[in-house]
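[1] fold the following, please.
(2 chains)
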Amino acid sequence: MATAWNPMEVLRRDIDRAFQNAGFSNGFPFRTAFLPGWAARRYPLINLTQDRDHVYIEALAPGLDPNSIDLSVVRNVLTLSGEKRHHPEDIKLEAFHRHERAAGKFIRTIELPVEVDADQVKAEYKHGILMVTLPIAEATKPKQISVQVG
Amino acid sequence: MAEKTVDTPTTQESQAVATRPEGTRTPERYVTPPVDIYEMPDGLVLTADVPGVTHEHLDVRVDRHMLTIQAQADHMPAAEPTYREYELVNYFRQFELSEEVDAEKISADLKHGVLTLKLPKTEKAKPRKIEVAASS
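    As a prediction, this is how the structure comes out:
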């Protein structure tokens, strides 16, 4: 039994606790989950830019069905989802000479650096890039406080 | 359809991953766009992901059975970058076409950052049914 009088045992347990889940959480090193979900790979890739009043997300997503694009914003979390269509269904696998492009449904959640005004979010899909403009919420903007000189 | 693997003055062949830049000898940087090529009864169809490319900056040419796809993504970032996962650079990829492709009739279409090329077969290369004359 580990007590304060058995310092080696206490130390060993502390070390065990510190390294818990360090890549060996479920038996195999660096295995994340039983089955990878939709977001097993980061898709689409994004660039985040920012100015005084807006946060801009540019997602690299060629060939999407524009009707399938779905965006939602809650506080400072943006969720992008959509579908990139496969080829016409009647093409047999053996008809492919090269098959390098990925397709299918995707979902990605992005944590934004600031809270945004969810009602004013705009999105545009152009040349395979999805551009989302998110105005920064008024409440989180810095306030200018004038100093009274007495 | 064979892909050209010989070094060209502007680029070297590398892995077909859109976000990985190729080693180049020129200061400009290129990526190899990922492609799908599939065969239809009347020809080949090639689709390539080239996000950020407009019609004006896309160059598709065929010269002596060599198909060259070259494009520039001209897309300026909206504001000061905070977090970056990709960089838009130029696209370049070459394929060697077989004799069966009718270079005169190749058509191209660009939509939502996806280039679709239709490469029809020549009349000679199409399968033909030969009528058997019945002699009594």
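[2] check contacts around residue A:52.
    Residue A:52 is in contact with residue A:136, counting by CB atoms under 8 Å, 6 or more residues apart in numbering or on different chains. The way it works is simple: take the backbone N, C-alpha and C, and place the C-beta from them, glycine included.
[3] helix or strand: which one has it?
    Of the helices and strands defined by DSSP states H and E, none includes residue A:52.
[4] tally of neighbours for residue B:70?
    17 (other CB atoms under 10 Å in any protein chain shown).
[5] what does residue A:110 give?
    Residue A:110: 18 neighbours (other CB under 10 Å).
[6] need the contact list for the residue nearest to it when sequence neighbours are not counted.
    Closest residue in space to residue A:110, ignoring its immediate chain neighbours: residue A:78 at 4.7 Å, by CB to CB, 6 or more residues apart in numbering or on different chains. Contacts for residue A:78 (CB under 8 Å, 6+ apart) come out as A:57, A:71, A:72, A:109, A:110, A:112, A:116, A:132, A:134.
[7] turn the residues you listed into TSV, including pLDDT and secondary structure.
    Formatted as TSV, the contacts of residue A:78 follow (pLDDT from 0 to 100; DSSP: H, G, I helix; E, B strand; the rest coil):
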residue	pLDDT	secondary structure
A:57	93	strand
A:71	93	strand
A:72	93	strand
A:109	90	strand
A:110	91	strand
A:112	91	coil
A:116	92	strand
A:132	94	strand
A:134	93	strand
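[8] could I get those as JSON lines with distance to residue A:125?
    Putting the contacts of residue A:78 into JSON lines (distance: CB to CB, whole Å) gives the following:
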{"residue": "A:57", "distance to residue A:125": "12"}
{"residue": "A:71", "distance to residue A:125": "11"}
{"residue": "A:72", "distance to residue A:125": "16"}
{"residue": "A:109", "distance to residue A:125": "19"}
{"residue": "A:110", "distance to residue A:125": "17"}
{"residue": "A:112", "distance to residue A:125": "20"}
{"residue": "A:116", "distance to residue A:125": "19"}
{"residue": "A:132", "distance to residue A:125": "10"}
{"residue": "A:134", "distance to residue A:125": "16"}
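[9] and the residue of chain B closest to chain A?
    Of all residues in chain B, the one sitting closest to chain A is residue B:113 (1.7 Å; CB to the nearest CB).
[10] so what's the residue count around the closest residue to that residue other than its chain neighbours?
    Spatial nearest neighbour of residue B:113, chain neighbours left out: residue A:128 (1.7 Å); criterion: CB to CB, 6+ apart. By other CB under 10 Å, 25 other residues sit near residue A:128.
[11] got the phi and psi for residue B:118?
    Main-chain dihedrals, residue B:118, degrees, to the nearest 10: phi -110, psi 120.
[12] can you read off the pLDDT for residue B:49?
    Residue B:49 carries a pLDDT value of 91.
[13] give me phi/psi at it?
    With angles defined as degrees, to the nearest 10, residue B:49 sits at phi -90, psi 110.
[14] the chain: strands as residue ranges?
    In the absence of a named chain, chain A is used. Per DSSP state E, chain A carries strands over the ranges A:45-50, A:54-60, A:70-74, A:77-84, A:96-99, A:104-111, A:122-126, A:129-135.
[15] should've been chain B
    Using DSSP E, strands in chain B cover B:2-3, B:30-31, B:35-40, B:43-49, B:53-63, B:66-73, B:80-84, B:90-96, B:107-111, B:114-120.
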